[in-house]
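1. Could you look at this predicted model? Sequence included:
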Amino acid sequence: MGIVSWLTVNNERVYIGEKQIMILTEEEIIEITERKQYTQQAKILRFLGITFMPRPDGSLVVLKMHVEKLLGGFPDKPVRVKSQPNWNQM
């Protein structure tokens, strides 16, 4: 889910895409932790090794990129695949 971005060109609104949100939503944190209370969410996130920062109101800030990397969404390094000729087709 992203934020829809528009640009005004010659007094006309032009759609330029979506801006990705950097932090998990409250719903996404609840989905990962299966908890609604902030203290319990923090306990589960610590157990999972997910870094977070508490806000003044007690809610948690979790970087989406950190979770994706930790849970396998992004590789640490680009994966290179060697292409081989298909000798059976020749």
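-> Right, received. Where do you want to start?
2. what's the burial count for residue 61?
-> Neighbour count of residue 61, defined by other Cβ atoms under 10 Å: 13. (C-beta placed from N, C-alpha, C; glycine too.)
3. Point out the other helices and strands that the longest helix along the chain packs with.
-> Longest helix of the chain, by residue count under DSSP state H: helix 38-48. The contact analysis (3 or more Cβ pairs under 8 Å, 6 or more residues apart in numbering; DSSP states H and E) places helix 38-48 against helix 26-33, strand 60-61.
4. What mean pLDDT does the last one get?
-> When pLDDT is averaged along strand 60-61, the result is 94.
5. Residue 69 belongs to a strand, doesn't it?
-> No: using DSSP: H, G, I helix; E, B strand; the rest coil, the secondary structure at residue 69 is helix, not a strand.
6. any idea how far residue 48 is from it?
-> Plainly put, residue 69 is 13 Å away from residue 48 if you go by Cβ to Cβ, to the nearest Å.
7. try residue 68
-> 13 Å.
8. Residue 22 too?
-> For residue 22 relative to residue 48 (Cβ to Cβ), the value is 19 Å.
9. now do residue 63
-> 14 Å.
10. And the two? Which one has more around it.
-> residue 63 (15 against 12).
11. Would you check that the more buried one makes contact with residue 28?
-> No: in this structure, residue 63 is not within contact of residue 28 by Cβ atoms under 8 Å, at 11.5 Å.
12. Which residues are in contact with each of these two?
-> Overlap between the contact sets of residue 63 and residue 28, as judged by Cβ atoms under 8 Å, 6 or more residues apart in numbering, is nil.
13. need the contact list for the residue lying closest to residue 60 once chain neighbours are set aside.
-> Leaving aside its chain neighbours, residue 60 sits nearest to residue 52 (4.6 Å; criterion: Cβ to Cβ, 6 or more residues apart in numbering). Applying Cβ under 8 Å, 6+ apart, we find residue 52 in contact with 42, 45, 60, 61, 62.
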